[in-house]
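1. generate coordinates for the sequence data below:
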Amino acid sequence: MTTCRACHACNGSGKCTRCEGGGYLLRGSRGNERLKETWLACPTCGSSGDCPSCEGKGQVERTQSEASPLSN
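-> Now for the predicted structure:
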């Protein structure tokens, strides 16, 4: 038997908790150079924006054996 519960990693939002949806915008300059903007991929979700634990669904399924650890 499988049951669904809210994902604890993203609190049910389905979004990556590190970048919150897509990656990072890095801004900076060195000395006399102009301001540079660089888009970096999120190392957690690969810039998909989805929570890697629940794959963006907001819920995870678990089997009956995972639901009751004392059943061993």
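2. please make it C-alpha for all contacts and neighbour counts, starting now.
-> OK.
3. give the residue spans of the protein that score low on pLDDT.
-> Residue ranges of the chain with pLDDT under 70: 1-2, 22, 29-35, 64-72.
4. what's the neighbour count on residue 8?
-> Summarising burial for residue 8: neighbours were counted as other C-alpha atoms under 10 Å, giving 13.
5. and what of residue 36?
-> As a burial measure, residue 36 scores 10 neighbours (other C-alpha under 10 Å).
6. residue 15 now?
-> Applying other C-alpha under 10 Å, we find 25 other residues in the vicinity of residue 15.
7. one more: residue 59?
-> A count of neighbours around residue 59, defined by other C-alpha under 10 Å, yields 21.
8. quick one: contacts for it?
-> Going by C-alpha atoms under 8 Å, 6 or more residues apart in numbering, residue 59 touches 4-7, 12, 14.
9. mind listing the helices for this protein?
-> 64-67 (DSSP state H).
10. and stretch 36-53, how far out from the chain's middle?
-> Between the centre of stretch 36-53 and the centre of its host chain there is 9 Å, according to C-alpha atoms, centre = their mean, to the nearest Å.
11. likewise for stretch 54-67?
-> The chain centroid and the centroid of stretch 54-67 are separated by 15 Å, computed with C-alpha atoms, centre = their mean.
12. buried only: go through the contacts of residue 59 for me.
-> Among those, those buried by neighbour count (16 or more other C-alpha atoms under 10 Å) are 6-7, 12, 14.
13. among these, which lie within strands?
-> Secondary structure of those is defined by DSSP state E; positions in strands are residue 6.
14. distance to residue 60 for the buried ones among the contacts of residue 59 - can I get that in TSV?
-> Written out in TSV, the entries for those read as follows (distance: C-alpha to C-alpha, whole Å):
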residue	distance to residue 60
6	6
7	6
12	9
14	10
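15. now the two most distant members of the buried ones among the contacts of residue 59.
-> Using C-alpha to C-alpha, the pair of those lying farthest apart is 6 and 14, separated by 9.5 Å.
16. give me the common contacts of the two.
-> Jointly contacting residue 6 and residue 14 under the rule C-alpha under 8 Å, 6+ apart are 58-59.
17. can you tell me how far residue 24 is from residue 58?
-> Counting by C-alpha to C-alpha, to the nearest Å, the gap between residue 24 and residue 58 amounts to 22 Å.
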